[in-house]
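Student: sequence plus the predicted model coming up.
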Amino acid sequence: MLFPDPFPDLLTPDPRMAAALTAAQAETALRFPAAGVHLIVAISVAAVINPTSTSPSFAYAGFRDREMHFSGSLLKVAAMFAAFELRQSASDFAVREGDCTPDIVFDRLKAAFDNDIEASAPRFLTEPRITKPMRVPKYPAIFGPPQQLGSGGCLMSFDPTFAANLRGMIVPSDNDRASATIQALGYSWINGLLAKTGLFDRNTDHGIWLAGTFTGAFPAVRVPSVNDGPSAQATTTIDMTRLFALLVEGNTLDSRGIDGIASDMRVLLADAQSVGDSSFMTTGARPGIDGLGPGFTITHCKIGSGGLNTGGEVASEATILTHDGTSQRFIVVWQNLPNLNDRHNVMSFMVRRTVQNFLGIH
């Protein structure tokens with residue numbers, strides 16, 4: 001199957017989380033009245049409930065969480081997700097192939113996939129500057145030579161150069177690596193997948209959208225955003241939280257086959273936090289940023305930043321963190337924050353107080 005079925009929405013609106021977030025916003029307004037962070041930032045917070053269960057739930061609340069905002073490099077997560085899903089779809093296809101000669105497998109993938117991929121994202125068919133090679137995957141650039149399986153099928157794995165670009169896009173958040181990854185995957189595959197799985201709504205242009213290469217290698221295709229007008233890299237915090245909930249839950253993404261989609265993405269996001277471009281809320285990660293402070297461990301993260309057409313620069317991030325004293329895990333996604341150290345510290349305070357309020361810590 002080329003596209004997975006639409007994903008379930010794992011987020012459950014939770015009155016206790018909503019109260020915790022609202023109280024934290026009020027505390028932030030009192031402590032940092034001039035910053036205005038509590039009013040301008042879009043934020044989603046989800047507590048992971050029953051994390052050891054095969055079907056954990058996520059107690060959710062958000063503010064401005066359904067607004068589309070430009071979020072820069074945070075949207076590289078969309079290309080990462082598309083890469084691993086394509087590997088799974090190619091594996092599902094190739095396991096039935098008898099001849100693993102690379103040219104034969106790649107030609108058959110192209111014949112089986114490309115028309116459906118283009119149909120999944122019809123907007124790119126009407127964009128005059130977007131050609132077919134910009135829409136569909138470049139299979140020989142993405143996959144190494146298929147390997148013969150004992151069962152008679154073929155095993156698909158990433159080409160080493162593509163794998164290096166994929167990692168470089170997430171861990172140090174390199175724009176050239178991101179550009180190479182996005183060019184290889186194609187706009188229609190990335191955005192058709194997001195639409196098919198329920199993470200982007202073509203009727204409203206809301207959800208996770210990535211149709212720019214970060215280097216200008218392909219022309220950008222934009223959707224409306226609140227903070228930057230037409231944007232090629234935009235999302236809502238609720239939809240990015242939905243994706244991260246799927247990464248935490250794991251089973252939905254990984255149940256389709258032998259490839260560990262969720263687990264492989266978690267590895268890259270963990271490395272982004274530990275050895276790459278760490279969370280804006282990590283204490284000591286950047287001079288002048290105090291972060292969440294003691295008592296919290298950030299395990300996975302992808303940050304974003306970029307300049308607005310109207311001037312100034314915004315920051316964003318999607319983070320998985322743990323409250324050390326209770327081992328309670330949370331997903332936090334925020335965007336549209338001025339990219340200034342003092343604002344990062346205010347944001348960290350609001351997140352810390354949201355978590356503490358939810359846990360009843362005063």
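Tutor: Now that the structure is in, tell me what you want to look at.

Student: all contacts plus neighbour counts: C-alpha atoms, from now on.
Tutor: Fine.

Student: just to check, residue 176 is in contact with residue 215?
Tutor: Yes. Look at residue 176 against residue 215 with Cα atoms under 8 Å: they come within range, at 6.7 Å.

Student: let's verify residue 246: helix, strand, or coil?
Tutor: With DSSP: H, G, I helix; E, B strand; the rest coil as the basis, the three-state label of residue 246 is helix.

Student: how many other residues sit next to it?
Tutor: Look at residue 246: counted by other Cα atoms under 10 Å, it has 20 neighbours.

Student: what number of residues lie near residue 7?
Tutor: 15.

Student: report the contact partners of it.
Tutor: By Cα atoms under 8 Å, 6 or more residues apart in numbering, the residues touching residue 7 are 197, 198, 252.

Student: going by neighbour count, which of those comes out on top?
Tutor: Most crowded among those, counting by other Cα under 10 Å, is residue 198 at 20 neighbours.

Student: so that residue touches residue 3, yeah?
Tutor: No. Using Cα under 8 Å, residue 198 makes no contact with residue 3, being 11.4 Å away.

Student: okay, strands next: where are they in this protein?
Tutor: 11-13, 42-49, 57-63, 69-70, 147-148, 154-155, 200-201, 206-207, 209-210, 233-235, 296-307, 313-323, 328-338 (DSSP state E).

Student: name the residues that touch the longest one?
Tutor: Under the contact criterion Cα under 8 Å, 6+ apart, strand 296-307 has outside partners 71-75, 77, 170, 266, 269-274, 277-280, 282, 313-324, 339.

Student: those, buried ones only, as a PyMOL selection?
Tutor: Only the buried members of the contacts of strand 296-307 enter the following PyMOL selection, criterion being 16 or more other Cα atoms under 10 Å:
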select buried, resi 71+72+73+74+75+77+170+266+269+270+271+272+273+274+277+278+279+280+282+313+314+315+316+317+318+319+320+321+322+323+339
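
Student: bridged to residue 298, which residues?
Tutor: residue 321 (DSSP bridges).

Student: quick check: pLDDT value at it.
Tutor: With respect to pLDDT, residue 298 scores 98.

Student: now residue 311
Tutor: On the pLDDT scale, residue 311 gets 92.

Student: kindly report the same for residue 257.
Tutor: 63.

Student: kindly report the same for residue 104.
Tutor: pLDDT, residue 104: 97.

Student: and residue 53, by the same measure?
Tutor: For residue 53, pLDDT reads 75.

Student: now for it, how many residues are close by?
Tutor: Neighbourhood size, residue 53 [other Cα under 10 Å]: 9.

Student: residue 253 now?
Tutor: 21.

Student: my guess is it contacts residue 261. True?
Tutor: Yes. Counting by Cα under 8 Å, residue 253 touches residue 261, with 6.0 Å between them.

Student: about what we covered before: can you redo the strands of the chain as CSV with distance to residue 29?
Tutor: Shown next, in CSV, are the strands of the chain (distance: least, Cα to Cα, whole Å):
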stretch, distance to residue 29
strand 11-13, 24
strand 42-49, 15
strand 57-63, 15
strand 69-70, 22
strand 147-148, 59
strand 154-155, 55
strand 200-201, 33
strand 206-207, 29
strand 209-210, 31
strand 233-235, 26
strand 296-307, 23
strand 313-323, 20
strand 328-338, 15
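
Student: out of the ones you listed, nearest to residue 120?
Tutor: Judged by Cα to Cα, the one of the strands of the chain that comes nearest to residue 120 is strand 200-201, at 11.8 Å.

Student: tell me what the closest one is packed against?
Tutor: Other elements packing on strand 200-201 under the criterion 3 or more Cα pairs under 8 Å, 6 or more residues apart in numbering; DSSP states H and E are helix 187-196, strand 206-207.

Student: name the residues that touch the longest one?
Tutor: In this structure, residues lying in contact with helix 187-196 by Cα under 8 Å, 6+ apart are 3-6, 78-79, 82, 117-118, 120-121, 124, 134-137, 200-202, 208-211.

Student: rerun that using 6 Å as the cut-off
Tutor: If you take Cα atoms under 6 Å, 6 or more residues apart in numbering as the criterion, helix 187-196 is touched by 82, 117, 118, 120, 121, 135, 200, 201, 211.

Student: for stretch 179-194, list the C-alpha coordinates in CSV.
Tutor: The C-alpha trace of stretch 179-194 is given here as CSV (Å, rounded to 0.1, in the frame of the first residue of the first chain):
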residue,chain,number,x,y,z
SER,A,179,17.3,20.8,0.6
ALA,A,180,18.9,17.6,-0.7
THR,A,181,16.4,15.5,1.2
ILE,A,182,13.3,17.5,0.1
GLN,A,183,14.5,17.5,-3.5
ALA,A,184,14.9,13.7,-3.5
LEU,A,185,11.4,13.2,-1.9
GLY,A,186,9.4,15.7,-4.0
TYR,A,187,6.7,18.1,-2.9
SER,A,188,3.8,15.9,-3.9
TRP,A,189,5.0,12.9,-1.8
ILE,A,190,5.6,15.0,1.3
ASN,A,191,2.4,16.9,1.2
GLY,A,192,0.2,14.2,-0.3
LEU,A,193,1.3,11.9,2.6
LEU,A,194,0.5,14.6,5.1
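
Student: so which bits of it are buried?
Tutor: Residues 179-194 are the ones in stretch 179-194 that count as buried (16+ other Cα under 10 Å).

Student: closest to residue 12 out of the residues you listed?
Tutor: For the buried residues of stretch 179-194, the nearest to residue 12 is residue 194 (20.8 Å; Cα to Cα).

Student: quick one: low-confidence residue ranges for the stretch 251-362 of the chain.
Tutor: 257-259 (pLDDT under 70).

Student: now with 80, please.
Tutor: Within the stretch 251-362 of the chain, the ranges that satisfy pLDDT under 80 run 255-259.
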